[in-house]
Every structure is written in C-alpha cells, then in structure tokens.
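In: After the sequence you'll find the predicted model.
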Amino acid sequence: MGNDSSSEKKVSIIYITTGLSTGGAERMLYNLLSRINRQRFSPAVVSLMDRGTWGDRIESLGIPVYTTDMKPGMATPAAIWKLVCLVRQLQPDLIQGWMYHGNLAAQLASALSLLKTPVLWSVHHSISSLESEKSLTVKIIKLCAYLSRLTDQVIFVSQASKLQHEALGYNRQNNCVIPNGFDTFLFVPSLEEKLAVKAELGLAEKTIIIGAIGRYHPMKDHANFLQAAALLLKTYPDVHFLLIGTEVDRQNMCLIKLIEELKLGDRVHLLGERTDIPRLTAALDISTVASAYGEAFPLVVGEAMSCGVPCVVTHVGDSAWIVSNTGKVVPPKNAEALATAWKELIVLDWEERETLGKSARDRIVEFFSLDSVVAQYDKLYESTLNAKKIK
C-alpha cells in the first residue's frame, strides 16, 4: 500500500485491549504494531487495565498507550466514562477491539461516543466448553454473540475458534480468519544458543531438552506435561525438561509438589518469566504445547517452528493445522500419548530431526510470516474504510 502521508490523511486507529500483561494475544498486538504501515495508519492503544509488561515496549515504537485502570471484573462507570472521553478526544477512523473484554469495550465506546466509528473485533481464544471459562467471561462471550451483528468485522485467529464461536451464536456474515504471524528474523535456528543454554544449565551438549513456554494456568495443563515427563524418563533417563512462563518458578508450590511426587528431581528446570524467549526457544530440541483447552492459535508453536524446533502439540485450537506434518499431534489430557510422541522424535537421528525442523521453519516462512499477516490486517482496514464511504 505504501501511500505517501503527504497526499492522504493518515488513518487513526485505536486498539482497545483487555490488558497488556504477558500473553500470546498481547504479544501479537505488539508484533502487529511493530510492522503496521505507519505512513498510512496512526495507531494508539487503550488498555482497560494497566500498562502491564507491554505498555512501555509499545510506547518505544512511538505509539501512545492510555489506560482506564479497570480492575479485573470491575467495569466501573468512571472507567467507562474515561474510555468514552479518550475515544472522543482521539477521534479515530477505526476502533479495533482486542480480546473479549476489549471487543465489548470497543463496541460500547463507539456507541457511547456517538462518533459512528467502524468497529472490528479480534478473538484470540478457542472454546471447547463454556464450563471451563470463568462465569464473567461466559457472560461476556454470550453478550458479544448477541452484539456481533452490530460490529463491522470479527477477526478470529484460528479456524477452530471461528467455528466454535459461530456455534455459540456469533454472526456468520461478518467474520474472517487472520492467523497470528511470526517474526522469522527474530526466531531463527541457532546451534550457538542451543549449546550456550545447555552450558548455563550445566548440561552436556548431547542432552535432549524438551520445553514448554506458557504462563501457569489450568488451561496450559502443566500437570499433563510433567506426568508425561515422568513416563518418558523411565525409557530416557537423561532427558531434561524446561518450563518457562509467569509463575512457572520455584515459588510455585503446586508445581514443586507435583515435581516431587513424580520424582522428577533435577530433570525439570523452572525458569519463570523471561525476556530472552527467542534464544531459549532455539535451545530446545523438542517444543511442546500440552494445553487442555482454550488455545486458538498458540504463538509458541510457530515461534518454535521458526527456530527449526520440531513440536509436539495437543489437538486444541489450530495447533494441529500450524504443525501439519512437521511434528506430532496428540489428544489433550493424555500423558501417555504425549510421552509416546516425544519418544518418536527422540529415536530420530540428528539429521532426521534437523530435516523435520527445517520443514517446520519453511512452513512458517511460507504461510505465517508476520509481514504477510500484517498485510492482511492492512487490507481489512482499507476495505472497512471503503465500505463506510459507500454507506
């Protein structure tokens, strides 16, 4: 598109997001903003909660970040009024909601500000069952299903998520799928980092490391991962396991207790929240998503594949579609199947595993590169603006 800013007014977009804490949806928002065509679009971000871990990083891109300081589950009149005042002040050409609460807030802000601004939603969650969701989230999902006919476009990050939400009553006429995108220049294969991280952990160069990156949350099913680890160690006692993410550390007594009960000893390394995810990902020999539910299009899968790391994933959301034939897909909540899939990758020789990793990276570069995904958002924004002009 590359329109010259001197010949055409920039399009102002407000992204209204639930929050800016550590998570895949928040990271994807940063990725999108880092590559969006700034000659054409002028973005700003409103976080319903606080600045989280991504606020400063987004501002470092030269993009303003505002907050309404809502507390989780507490949409006070003062916070809603602050949001409406921000929208009126910024006079956006488009409002982009991000995650459930952000989508609902975007629709309300557009209506209450009386600006008749086009609204787009972005859904980053898959739903295997409403029973696994918090009661407030269920209410918002149902309310958004009713309101979905009023929004200009609903963007789902996965095909599975789209079908699940349509079954819950989301409008089928105004939605599309734009997958998450991956920075294939940041996430790259690196033998150097693989050896460096193993040295830091005090491991021999040929030690197999199986890793999982994700915050501590029931849907991530760390118990499933650790139970599979215990099964695998009976056959391969020298394998080590790396767990990375918020609250995945030595202060988490639930994890520590489970590790002790399963007699995993020093084979499990809990690294907690880290900022050097690209190098840690490249250090893995096998990457795993053991989630039980909730995943739509997990970033960690594509990032590992971009690093040339074969993946074993549970069949949740679009994980199987992302991996395709470059890794293994197993049922959720099945530790035996997970351990068996790991064994099938371990028995491959070094060359076979490297070939599989190369296929994985090639798949990400071809179908899910960040630039191609950002281009899809750009195109959608333009078509939404053009539709408004026609009206």
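Out: Sure thing, it's come through. Only a predicted model underlies this, so the values are computations on that prediction, with no experimental measurement involved.

In: For burial, what's the neighbour tally of residue 306?
Out: Counted with other Cβ atoms under 10 Å, the neighbours of residue 306 add up to 27. Where C-beta positions appear, they are placed from N, C-alpha and C, glycine not excepted.

In: And the one 10 residues further on, by the same measure?
Out: The criterion is other Cβ under 10 Å. On that basis, residue 316 has 26 neighbouring residues.

In: Then residue 257?
Out: The number of residues packed near residue 257 is 10, by other Cβ under 10 Å.

In: again with residue 35
Out: Neighbour count for residue 35, taken as other Cβ under 10 Å: 17.

In: was I right about it contacting residue 370?
Out: Yes - applying Cβ atoms under 8 Å as the test, residue 35 and residue 370 come out as touching, 5.8 Å apart.

In: Secondary structure element for residue 210, which one?
Out: Residue 210 belongs to strand 209-213 when assigned by DSSP states H and E.

In: May I have that strand exported as CSV, CA atoms only?
Out: Coordinates of each C-alpha in strand 209-213 appear next as CSV, following Å, rounded to 0.1, in the frame of the first residue of the first chain:
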residue,chain,number,x,y,z
ILE,A,209,15.9,-30.7,26.1
ILE,A,210,12.1,-30.8,25.9
GLY,A,211,10.5,-27.4,26.7
ALA,A,212,7.1,-25.8,27.2
ILE,A,213,6.6,-22.0,27.3
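
In: Let me see the mean pLDDT of that strand.
Out: Across strand 209-213, the average pLDDT comes to 97.

In: what does it contact?
Out: 197-198, 203, 220, 222, 225, 229, 232, 239-245, 277, 280-281, 283-290, 300, 342 (Cβ atoms under 8 Å, 6 or more residues apart in numbering).

In: can you dump the C-alpha coordinates of the next helix or strand after it into PDB?
Out: Downstream of strand 209-213, the first helix or strand assigned by DSSP H and E is helix 222-233. C-alpha atoms of helix 222-233 as PDB (Å, rounded to 0.1, in the frame of the first residue of the first chain):
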ATOM      1  CA  HIS A 222       1.500 -28.300  33.300                       C
ATOM      2  CA  ALA A 223       0.400 -31.400  35.200                       C
ATOM      3  CA  ASN A 224      -0.100 -33.300  31.900                       C
ATOM      4  CA  PHE A 225       3.400 -32.200  30.700                       C
ATOM      5  CA  LEU A 226       5.100 -33.300  34.000                       C
ATOM      6  CA  GLN A 227       3.200 -36.700  34.100                       C
ATOM      7  CA  ALA A 228       4.400 -37.300  30.500                       C
ATOM      8  CA  ALA A 229       7.900 -36.400  31.600                       C
ATOM      9  CA  ALA A 230       7.800 -39.000  34.400                       C
ATOM     10  CA  LEU A 231       6.700 -41.600  31.800                       C
ATOM     11  CA  LEU A 232       9.500 -40.700  29.300                       C
ATOM     12  CA  LEU A 233      12.200 -40.800  32.000                       C
END
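
In: and the angle for helix 222-233 with strand 209-213?
Out: Counting by axes from the mean of the first three to the mean of the last three Cα atoms, to 10 degrees, helix 222-233 lies at 170 degrees to strand 209-213.

In: Please pull up the helix or strand immediately following helix 222-233.
Out: Using DSSP H and E, the helix or strand that follows helix 222-233 in sequence is strand 240-244.

In: So which other helices or strands are in contact with that next one?
Out: With contacts defined as 3 or more Cβ pairs under 8 Å, 6 or more residues apart in numbering; DSSP states H and E, strand 240-244 has these neighbours: strand 209-213, helix 222-233, strand 268-272, helix 277-283.

In: got the buried residues for stretch 78-87?
Out: 79-80, 82-84, 86-87 (16 or more other Cβ atoms under 10 Å).

In: Could you give the average pLDDT over it?
Out: 90.

In: How far away from the center of its chain is it?
Out: Centre-to-centre, stretch 78-87 and its host chain are 27 Å apart (Cα atoms, centre = their mean, to the nearest Å).

In: residues in contact with it?
Out: If you take Cβ under 8 Å, 6+ apart as the criterion, stretch 78-87 is touched by 14, 16, 46, 48, 66, 68-70, 95, 105, 108-110, 112-113, 115, 117.

In: Write a PyMOL command that selects only the buried members of those residues.
Out: Applying 16+ other Cβ under 10 Å to those, the buried members can be selected in PyMOL as follows:
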select buried, resi 14+16+46+48+66+68+70+95+105+108+109+110+113+115+117
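
In: Of the contacts of stretch 78-87, which belong to strands?
Out: Using DSSP state E, the members of the contacts of stretch 78-87 that fall within strands are 14, 16, 46, 66, 95.
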